[in-house]
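# Have a look at this prediction, sequence included:
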Amino acid sequence: MLTYSFSEKGSESLYEYLYRCIKQDIMEGALAPGDRLPSKRSFAKHLNVSTITIENAYAQLLAEGYIYSIPKKGYYTADISWETPTGGLLPAPRETPTDRLLPASWEMPTGGLLPAPVDVNGSFSPKSSQPGGLLCPGQQKEAYFADFTSSQTHPDTFPFSIWAKLMREVIGDSRAALMENPPSGGILPLRQEISKYLRQFRGMDAAPEQIVVGAGTEYLYGLLIQLLGHEKIYGVEDPGYQKVSAIIKGCHAPCCHIPLDGQGIRIGSLEKSGAEVVHISPSHHFPTGIIMPASRRFQLLGWAAREGQRYIIEDDYDSEFRFMGRPIPALQSIDSMGKVIYMNTFAKTLASTIRISYMVLPWHLVERFYQEMGFYACTVSNFEQYTLTRFLQGGHFERHINRMRNFYHRQRDLLLGYLKGSPLSSRITITEEDAGLHFLMQVDTAASNGDIMQRAKAQGLCLSSLSQYYHNGCPPKAHTFLMNYASIPPGHMQEAISRLCRVFEGI
């Protein structure tokens, strides 16, 4: 029987500490692939804890793919090993430049040109800066009674009074700093605060020097393509967030679409594609909601390790909004060979109109970035950077995240409640509702997706179907729609579902 002492758990809850202990044993090989874990009841009795503690620990391990379950038999340890180019099975020590400092010149602005704007409209409907922002053609957002595609922040949720107070403080206390040109990677205090946040809440070892701040992820993607090379083949998920492939093509780089299975991007298809850089969203894939399990994550890291110029771009766009258990750890946190480029934005967590994003580069790419691209000016104003720095320093961001998580949790529950109590309840299947700001709704109907969306438009609703996000054709999982509840006023929910029921009347 597994035995763990809780004497060193500190401020962690019992289930979090137990989850971490079991995860560490799996990572270190103390629990071999296929080992059966104790039953929840016997394990709880052995450790003298509640069965709920065991259930929560197992649920988190299951969500992250460190264990799997067999009905009526129990829980078993998953195989998460992967073979490195040197034959090892576990990751090598993390790449940490403890014996070198960045040259001072890397922190000094040199002026320079801004990248040319990237045309991201392509041939598909325009989107917001975040996944899920699809607009119905020829229609303005404000014309809809309920837009189930929009990630726009509801104005009542933004902390205007705190933000205004911090802006006044910045003007009063930091006038000299506001007039200085910022380093190309962003002001150091902001990068220090982002580094602390990533360490505390995402389990990432990211030094401030590795962080590059920019005005939106689109801008940062353009920088990355310039840094890694326009001649490389860039792989994207299929289905996936279409704006990424549009940016790649807008930068005149080759782009290929890699199919997914139930665990995320297919490694075999990735190998055959010839891609050298792949963009993924492993903690909550858009649009399917898939969480990439640990076994597939290590396979993906193994793919990257087999060639020196392969990289993984990890898009962690809405990892903060998970409603069951702990947030899923970032892929970057288990990267031991400097192959993962982590990317995130404050547009989801703070406001969709605050164009502040950042990426975390491996150390060897930090050096290249400042040598080859240090002449670029940071595209986020000092005013915004210093205000956000104080927002992070004062603990306002953490409290805001907690409020937003509760708000979106209520939004989701309200929408699901109205759906389950509606005439549609017997015809729909809801999946992937435990994370992010959208879930999938599959409807039993004979009508085409196009007809359904036109009928929704006539009812003042905007819907997007899962099939719209495929490049190489949608598999037979028809009539599945993305239900984004971020921007729908709570007072509109019941009427929106009534209108949705009218969409499917008779079809």
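Happy to help now that I have it. Numbering: from 1, shown residues only.
# Residue 241 touches residue 288, doesn't it?
No: under the criterion of Cβ atoms under 8 Å, residue 241 makes no contact with residue 288, lying 11.2 Å away. In this view, the C-beta of every residue, glycine as well, is placed from N, C-alpha and C.
# Now the common contact residues for these two.
Common neighbours of residue 241 and residue 288, counting by Cβ atoms under 8 Å, 6 or more residues apart in numbering, are absent.
# which residues touch residue 75?
36, 37, 58, 61, 62, 67, 68, 69.
# can you do 7 Å?
Going by Cβ atoms under 7 Å, 6 or more residues apart in numbering, residue 75 touches 37, 58, 67, 69.
# right, and out of those, which lies closest to residue 454?
Comparing these against residue 454 with Cβ to Cβ picks out residue 69 as the nearest, at 42.2 Å.
# Identify the bridge partners of the closest one.
Residue 69 forms beta bridges with residue 75, as assigned by DSSP bridges.
# how close does it get to residue 283?
21 Å (Cβ to Cβ, to the nearest Å).
# Those two - which one has more neighbours?
Taking other Cβ atoms under 10 Å, residue 69 and residue 283 do not tie; residue 283 has more neighbours (25 against 12).
# my guess is the more buried one is in a strand, correct?
No: applying DSSP: H, G, I helix; E, B strand; the rest coil, one finds residue 283 to be coil, outside a strand.
# Which parts of the stretch 251-400 of the chain are strands?
Taking DSSP state E, counting those that start in this stretch as the test, the strands found in the stretch 251-400 of the chain are 255-261, 264-265, 277-280, 311-315, 340-345, 357-360.
# typo on my end, the stretch 401-507 of the chain
Using DSSP E, counting those that start in this stretch, strands in the stretch 401-507 of the chain cover 428-431, 438-443, 461-462, 464-465, 480-484.
# Just put those in a markdown table and tack on mean pLDDT.
As requested, these are arranged in a markdown table below (pLDDT from 0 to 100):
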| stretch | mean pLDDT |
| --- | --- |
| strand 428-431 | 94 |
| strand 438-443 | 94 |
| strand 461-462 | 96 |
| strand 464-465 | 94 |
| strand 480-484 | 95 |
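# mind giving me TSV with the ones you listed and columns for mean neighbour count and distance to residue 264?
Shown next, in TSV, are the strands of the stretch 401-507 of the chain (neighbours: other Cβ atoms under 10 Å; distance: least, Cβ to Cβ, whole Å):
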stretch	mean neighbour count	distance to residue 264
strand 428-431	14	16
strand 438-443	21	16
strand 461-462	22	28
strand 464-465	24	21
strand 480-484	24	18
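# which one of the contacts of residue 75 sits closest to residue 154?
Distance to residue 154, by Cβ to Cβ, is smallest for residue 58 among the contacts of residue 75, at 35.3 Å.
# ok, back up a step: can you check which of the strands of the stretch 401-507 of the chain gets nearest to residue 471?
strand 464-465 (14.5 Å).
# if we can go back for a sec, export the strands of the stretch 251-400 of the chain as a markdown table, with columns for mean pLDDT.
Output for those, formatted as a markdown table (pLDDT from 0 to 100):
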| stretch | mean pLDDT |
| --- | --- |
| strand 255-261 | 96 |
| strand 264-265 | 96 |
| strand 277-280 | 98 |
| strand 311-315 | 97 |
| strand 340-345 | 96 |
| strand 357-360 | 97 |
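# right, and residue 382 touches residue 181 too?
No: the criterion here is Cβ atoms under 7 Å, and residue 382 misses it with residue 181 at 8.4 Å.
# between the two, which one's more packed in?
residue 382 (19 against 12).
# From residue 193, how far out is that one?
15 Å.
# check contacts around residue 411.
485, 490.
# Distance of it relative to residue 491?
Relative to residue 491, and taking Cβ to Cβ, residue 411 is found at 12 Å.
# Specify the beta-bridge partners of the closest residue to residue 471 other than its chain neighbours.
Closest residue in space to residue 471, ignoring its immediate chain neighbours: residue 257 at 4.1 Å, by Cβ to Cβ, 6 or more residues apart in numbering. Counting by DSSP bridges, residue 257 is bridged to residue 236.
# Report how many residues lie close to residue 257.
Under the criterion other Cβ under 10 Å, the count of neighbours that residue 257 has is 17.
# go on, residue 41?
Neighbours of residue 41 using other Cβ under 10 Å come to 10.
# With just CA atoms, put stretch 272-286 into PDB.
Provided in PDB are the C-alpha atoms of stretch 272-286 (Å, rounded to 0.1, in the frame of the first residue of the first chain):
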ATOM      1  CA  LYS A 272       5.100  12.900 -41.600                       C
ATOM      2  CA  SER A 273       4.200  16.500 -42.100                       C
ATOM      3  CA  GLY A 274       7.800  17.700 -42.100                       C
ATOM      4  CA  ALA A 275       6.900  20.500 -39.700                       C
ATOM      5  CA  GLU A 276       9.800  21.900 -37.600                       C
ATOM      6  CA  VAL A 277       7.700  24.200 -35.400                       C
ATOM      7  CA  VAL A 278       4.200  23.200 -34.100                       C
ATOM      8  CA  HIS A 279       1.600  25.400 -32.400                       C
ATOM      9  CA  ILE A 280      -0.500  23.700 -29.800                       C
ATOM     10  CA  SER A 281      -2.900  24.500 -26.900                       C
ATOM     11  CA  PRO A 282      -2.400  21.500 -24.600                       C
ATOM     12  CA  SER A 283      -4.100  22.700 -21.400                       C
ATOM     13  CA  HIS A 284      -7.400  23.400 -23.200                       C
ATOM     14  CA  HIS A 285      -7.500  22.900 -26.900                       C
ATOM     15  CA  PHE A 286      -9.500  25.300 -29.000                       C
END
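# Give the buried residues for that stretch.
By 16 or more other Cβ atoms under 10 Å, the buried positions in stretch 272-286 come out as 273, 275-286.
# Over to residue 26. Which of the three states is it?
Secondary structure of residue 26, per three-state DSSP, is helix.
# OK, contacts around it?
Residue 26 touches 66, 77, 80, counting by Cβ under 7 Å, 6+ apart.
# Could you rerun that using 8 Å?
61, 66, 67, 77, 78, 80.
# The host helix or strand of residue 222 relative to strand 311-315, how many degrees between them?
Assessed by DSSP states H and E, residue 222 sits inside helix 217-228. Angle of helix 217-228 versus strand 311-315, following axes from the mean of the first three to the mean of the last three Cα atoms, to 10 degrees, is 170 degrees.
# tell me how far helix 217-228 is from the chain's mean position?
18 Å (Cα atoms, centre = their mean, to the nearest Å).
# Show residues contacting it.
By Cβ under 8 Å, 6+ apart, helix 217-228 touches 115, 118, 120, 129, 212, 214, 234, 243-244, 247-248, 251, 253, 277, 309, 311, 313, 315, 317, 341, 343, 345, 357-359, 365, 368-369, 372-373, 376, 379.
# Make a ChimeraX selection of the buried ones in the residues you listed.
Buried residues among the contacts of helix 217-228 (16+ other Cβ under 10 Å), as a ChimeraX selection:
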select :115,118,120,129,212,214,234,243,244,247,248,251,253,277,311,313,315,317,341,343,345,357,358,359,365,369,373,376,379
